[in-house]
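Colleague: What would the 3D arrangement of this be:
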Amino acid sequence: MYKRQVDDTSDEERARRLAAWGGARRRLAEVASAETIGGRLARLAAEAPAAYDLSERTDVYGDGAVEALERRVAGLLGTEAAAFFPTGTMAQQIALRCWAGRTGNATVALHPLAHPVRHERDALSVLGGLRTVHPTREPRQPTADEVREMDEPFGTLMLELPLREAGFVLPSWEELEAVTGAARERDAVVHVDGARIWECARHLGRELPEIAALADSVYVSFYKSLGGLSGAALAGPESLVAEAKAWRHRYGGQLYQQWPAVLAALAGLDRELPRLPSYAAHAGVVAGALREGLAAAGVPWFRVHPEPPHTHEFQVWLPYPADALTEAGTRQAEETGTLLFRAWWDEQRVPGVAMTEVTVAGPGLEWTARDVTEAVAGFLGFLERTEG
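Modeller: Residues are numbered from 1 along each chain as shown. This next block holds a predicted model:
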């Protein structure tokens, strides 16, 4: 999870929280930020041999294992080629810059909650000379009519699948076909921010190549859904990928060696990708049990969104201060070994309301609905003590 606002948590308190979250015996997902360097290195050493031949030499400026990962991604998405990038921010900026040059239009239509708008310090305009317009400001995916009826031309429609800030929400397959078709009616290309596209197949009812085929290019992440160390890839036509690699060099992304991140990505594709549909299915069980537990406890107002979840991640909203909710979750982990919720954020548009994100992954498959409702009751008990 990234910071949604200025984080004034002290180093001591942050260390305490990470120790509590990472030390919990029962949790819905792993807590990567709490893992030690030694533990992560040991895990990579255990997982990497099954993903890549470690007798091969290390990569140098993008060859070897990097090229193997690029081929793997292109094969999984059914595209002509793919390029590895050290960050998704770099990959996506370059993709949109390349499309602006090819279409002759530097305007990008995207949701105002999308990552380039919310979390990249205006890099699209500052570094790429691009401007943005928004087909909708509602906390949902844009519709085909909204794209079709935009009142000025745009060269690229960027869709974030799923749209994280709105609750990891997805369109239906029919809606996705319609909105990409509407963009092409406007003579625009379609770029997909698919940082989490790996987890979308179950909701959309289609395999990854069919989803990617609706777009002209797709960006994917290797740590958000797959448990990698870092890194991203841009997939699309061979000519676009070649151009993107040239810009990658200009942006400083042609790193000397990247094998730790690449091996972790390959291992994640082997280990986590096949499991994501089961995580998404069980997220529905967890979300339903959370709602039942909060309702049974008489919480004055709450929201589990969306319900059922579209992926294995979703939001929970409660009418309490974020600091109190975060402290309650930390105490529950410290004193009972059960981690239900981690960090919460105050919703500035609605005073007195806070939100957290819930991820259901491998460890969460062991939780029954009853486990969840009991954990909710326990959490609310710690909240009462914290507020009191």
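Colleague: average model confidence for stretch 340-352?
Modeller: Model confidence over stretch 340-352, given as mean pLDDT, is 89.
Colleague: Where is the longest helix in this protein?
Modeller: helix 276-296 (DSSP state H).
Colleague: If Arg26 is in a bridge, with which residues?
Modeller: Thr338 (DSSP bridges).
Colleague: Next up, the contacts around it.
Modeller: Gly337, Thr338, Leu339, Pro363, Glu366, Trp367, Asp371 (CB atoms under 8 Å, 6 or more residues apart in numbering). For glycine as for every other residue, the C-beta is placed from the backbone atoms N, C-alpha and C.
Colleague: Wait, the first one touches Gly22, no?
Modeller: Right, Gly337. No. Judged on CB atoms under 8 Å, Gly337 makes no contact with Gly22 at a distance of 11.6 Å.
Colleague: Which of the two has more residues huddled nearby?
Modeller: Between Gly337 and Gly22, counted using other CB atoms under 10 Å, Gly22 has the larger neighbour count: 18 against 13.
Colleague: Quick check: which element contains that one?
Modeller: helix 11-23 (DSSP states H and E).
Colleague: Pull the residues that contact that helix.
Modeller: By CB under 8 Å, 6+ apart, helix 11-23 touches 9, 27, 31, 33-35, 326, 330-331, 333-334, 337, 339, 342-343.
Colleague: Gly284: which of these is nearest?
Modeller: Arg27 (18.4 Å; CB to CB).
Colleague: wait, isn't the closest one in contact with Gly364?
Modeller: Yes. Arg27 is in contact with Gly364 according to CB under 8 Å; the separation is 7.5 Å.
Colleague: coming back round to it: wait, which of the contacts of Arg26 is closest to Ala74?
Modeller: Pro363 (31.5 Å).
Colleague: confidence score at that closest one?
Modeller: Pro363 is given a pLDDT of 97.
Colleague: How many residues are close by it?
Modeller: 16.
Colleague: Does it touch Ala29 like I think?
Modeller: Yes. Here Pro363 lies in contact with Ala29, judged by CB under 8 Å, at a distance of 6.2 Å.
Colleague: helices or strands up against the host helix or strand of Glu334?
Modeller: Assigned by DSSP H and E, Glu334 belongs to helix 322-336. Where contact means 3 or more CB pairs under 8 Å, 6 or more residues apart in numbering; DSSP states H and E, helix 322-336 is packed against helix 11-23, strand 338-339, strand 354-359, helix 369-387.
Colleague: how many degrees apart are it and helix 11-23 in direction?
Modeller: 50 degrees (axes from the mean of the first three to the mean of the last three CA atoms, to 10 degrees).
Colleague: can you pull the buried residues of helix 322-336?
Modeller: By neighbour count, with 16 or more other CB atoms under 10 Å as the criterion, the buried positions of helix 322-336 are 322, 324-334, 336.
Colleague: tell me how far it is from the chain's mean position?
Modeller: Distance of helix 322-336 from the chain centroid (CA atoms, centre = their mean, to the nearest Å) equals 24 Å.
Colleague: Only alpha carbons, please: show that helix as CSV.
Modeller: Extracted in CSV, the C-alpha atoms of helix 322-336 (Å, rounded to 0.1, in the frame of the first residue of the first chain):
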residue,chain,number,x,y,z
ALA,A,322,-8.2,6.4,10.7
ASP,A,323,-5.6,6.5,13.5
ALA,A,324,-8.0,4.7,15.9
LEU,A,325,-8.8,2.0,13.3
THR,A,326,-5.1,1.4,12.5
GLU,A,327,-4.3,1.2,16.2
ALA,A,328,-7.1,-1.3,16.8
GLY,A,329,-5.9,-3.5,14.0
THR,A,330,-2.3,-3.3,15.3
ARG,A,331,-3.3,-4.2,18.8
GLN,A,332,-5.3,-7.1,17.6
ALA,A,333,-2.3,-8.4,15.7
GLU,A,334,0.0,-7.9,18.7
GLU,A,335,-2.2,-9.4,21.3
THR,A,336,-4.0,-12.2,19.4
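Colleague: Could you tell me the angle between that helix and helix 369-387?
Modeller: 120 degrees.
Colleague: List the buried residues of the helix holding Gly22.
Modeller: For helix 11-23, by 16+ other CB under 10 Å, it's Arg17, Leu18, Ala20, Trp21, Gly22.
Colleague: The last one and Arg342, how far apart?
Modeller: Put plainly, it is Gly22. 11 Å (CB to CB, to the nearest Å).
Colleague: go on, Val192?
Modeller: 28 Å.
Colleague: pLDDT on stretch 142-159, on average?
Modeller: For stretch 142-159, the per-residue pLDDT averages 98.
Colleague: For that stretch, C-alpha coordinates in PDB please.
Modeller: This file holds the C-alpha atoms of stretch 142-159, laid out as PDB (Å, rounded to 0.1, in the frame of the first residue of the first chain):
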ATOM      1  CA  PRO A 142     -16.100   5.200 -17.800                       C
ATOM      2  CA  THR A 143     -18.900   4.100 -20.200                       C
ATOM      3  CA  ALA A 144     -18.900   3.900 -24.000                       C
ATOM      4  CA  ASP A 145     -21.300   6.800 -24.200                       C
ATOM      5  CA  GLU A 146     -19.100   9.000 -22.000                       C
ATOM      6  CA  VAL A 147     -16.100   8.200 -24.200                       C
ATOM      7  CA  ARG A 148     -18.100   8.700 -27.400                       C
ATOM      8  CA  GLU A 149     -19.500  12.100 -26.300                       C
ATOM      9  CA  MET A 150     -16.300  13.700 -25.000                       C
ATOM     10  CA  ASP A 151     -16.200  17.300 -26.300                       C
ATOM     11  CA  GLU A 152     -12.600  17.400 -27.600                       C
ATOM     12  CA  PRO A 153     -10.300  15.000 -29.500                       C
ATOM     13  CA  PHE A 154      -7.900  12.700 -27.700                       C
ATOM     14  CA  GLY A 155      -5.200  10.500 -29.100                       C
ATOM     15  CA  THR A 156      -5.200   7.800 -26.400                       C
ATOM     16  CA  LEU A 157      -7.800   6.300 -24.100                       C
ATOM     17  CA  MET A 158      -6.200   4.900 -20.900                       C
ATOM     18  CA  LEU A 159      -8.200   2.400 -18.900                       C
END
